[in-house]
Every structure is written in C-alpha cells, then in structure tokens.
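*Asks:* A structural model of the following input is requested.
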Amino acid sequence: MDNPNEDTEWNDILRQHKILPPKKEAEISEEQLTGMLEETIREKQGGGMAIDSMGLDELDELEDEEDERVLLEYKKKRLAEMKLAQARNKFGELVEITGHEYVQQVNKAGEGVWVVLHLYKQGIPLCSLINRHLTLLAKKFQATKFLCSISTTCIPNFPDRNLPTIFVYLEENIKGQICGPMEFGGMNLTQDELEWKLSAIGALKTELDENPWKKRQIHDVMRGSILGTRREDADDDD
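*Replies:* Here you go, the predicted model:
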C-alpha cells in the first residue's frame, strides 16, 4: 500500500476528495528552526551577522509573510532567554553583611544561587586587596551573590590567622573554602587568579582558558632569567 503521507499526485487527489486526511505539518526541532532562520538571514543579507548576536529590533526587520512564523518562534525563544538572564543577573555588587543578616543573605539566597562570602578585618592588606577584586568580580558575574563581613562580627572568635577566608555556598551548603594568606598566594594575588579559584569551586563560570597563576610563574621565571643574564654580563664587563 502506498504511503498516505507521501507528496504524490494520487494522494493529493484523495485528500481533495477527503478520502485521505490532510497531511500533518511536520514538527520543526529547535536545531532545524535555528538553521532555517540562519539560512533565511544569509539569503537576505548575503552572509551578515549571526542570528544569535541579533537583538529583537533586528529580528523585527527580517519579518515577512514567508518566514513570519519561524521568526516569531525564535523571537519567543530569545525573549525567554533574555528574561532568564535578567532574572539571574540580579546582584552585581559586593555587599557588607552582619552576623544577624547571615541566615537571610546566605541560607535564604535562593534556589540555584551561588554565594561567595569573604571574612576579613580592616588593617590587613590582603583582605583589602581581595575586597577590591571581589567588587570587580561582582560586576562581572552578576548571577553570583558576593558578600563580605568582618570576621568576628559574622563568626565570634574567628581566628585572625585564618584571614582572609572565603566561603562558597550553594543553597545553604558549603561547596568550598579558601582559607589563609598562603591559599590566596599573598599580595601577588590577581583578579584573574581569584576568578580562577572561585570558578574551580563552581561559584562562577570563567572564560579564562588556563590558570593565570601558571602564566605569572612562567613570566616570573623568564624575567628572573633575563635579570640574571644582565647581572652576569655586568660582572663580565667589570
């Protein structure tokens, strides 16, 4: 028996006489939808910008009767993604808290929210450096909640020898910690190195392709080698 879903002249006649039901419109997967839309854009723009980089206004300009349904579906998807990103990126600053605010700010941060809490004391240079780095990282990774608190205000009798300390939480559970100046690498700690450490715990998603500490070590070794060679040359001249 012939396939009733095939596009044949005979099946078209049977459909006209209602002997066969109308052919169902094939469902389009998300991947196919994106591919169709990108192909339409390439035809219209001669290979212009990628669709993922377009805003809603630019998508509006591409609408016509031929691809209106596809574009509307994609616009809905993009709008949902934008709303989700906006809902997640709701922090953006380093916030000082007290011990009384700990439960509200940390334990009740929300489902899926990563929390970075820095315990510090004034007068400790490394603590001040880390607060500066965290202020910038909070602006860069606005989906992560960045907090700081004077150590003994948050946890009574917290030992100064453990400062600075960073605790990383997810839904009330401690996922990792960085404790003491040696763990941070001292005053040579860079913002990228701190970003890498927090990414390794899971608090944020970095775009750094490798540990920046290794790059700095290689640079320091090369610099030391160059300086040593210069000193040897100077000694030979003497």
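
*Asks:* only C-alpha atoms from now on, for both contacts and neighbour counts.
*Replies:* OK.

*Asks:* which element, helix or strand, includes the spatially closest residue to residue 158 that is not a sequence neighbour?
*Replies:* Excluding its sequence neighbours, the residue lying closest to residue 158 (C-alpha to C-alpha, 6 or more residues apart in numbering) is residue 152, at 5.5 Å. Per DSSP states H and E, residue 152 falls inside helix 151-154.

*Asks:* same thing with residue 210?
*Replies:* Going by DSSP H and E, residue 210 is not part of any helix or strand.

*Asks:* returning to that earlier point: what about the residue nearest to residue 158, distance to residue 130?
*Replies:* Distance, residue 152 to residue 130, by C-alpha to C-alpha, to the nearest Å: 18 Å.

*Asks:* between the two, tell me which one has more neighbours.
*Replies:* For residue 152 versus residue 130, neighbours defined as other C-alpha atoms under 10 Å are more numerous around residue 130 (21 against 16).

*Asks:* which SSE is the more buried one in?
*Replies:* helix 125-140.

*Asks:* and residue 125, how close does it get to residue 163?
*Replies:* Taken as C-alpha to C-alpha, the span from residue 125 to residue 163 is 11 Å.

*Asks:* those two: who's more crowded?
*Replies:* residue 163 (20 against 13).

*Asks:* pLDDT score for that one?
*Replies:* Listed pLDDT for residue 163 reads 97.

*Asks:* can you offset everything so residue one is 38?
*Replies:* Happy to do that; since the first residue is 38 now, the last one works out to residue 200.

*Asks:* can you give me the helices in the protein?
*Replies:* If DSSP state H is used as the criterion, the helices of the chain fall at 46-53, 67-82, 93-98, 105-125, 139, 162-177, 188-191, 218-221, 228-238, 249-274.

*Asks:* of those helices, which shows the lowest average pLDDT?
*Replies:* Among these, helix 249-274 has the lowest mean pLDDT, at a mean of 60.

*Asks:* and the residue nearest to residue 171 when sequence neighbours are not counted, how many neighbours?
*Replies:* Sequence neighbours aside, residue 131 is the residue nearest to residue 171 in space, at 6.6 Å (criterion: C-alpha to C-alpha, 6+ apart). By other C-alpha under 10 Å, 22 other residues sit near residue 131.

*Asks:* my read is that residue 135 contacts residue 190, right?
*Replies:* Yes - shown here, residue 135 and residue 190 form a contact pair, counting by C-alpha atoms under 8 Å, at 6.0 Å.

*Asks:* and residue 176, how far from residue 218?
*Replies:* Taking C-alpha to C-alpha, one finds residue 176 at 24 Å from residue 218.
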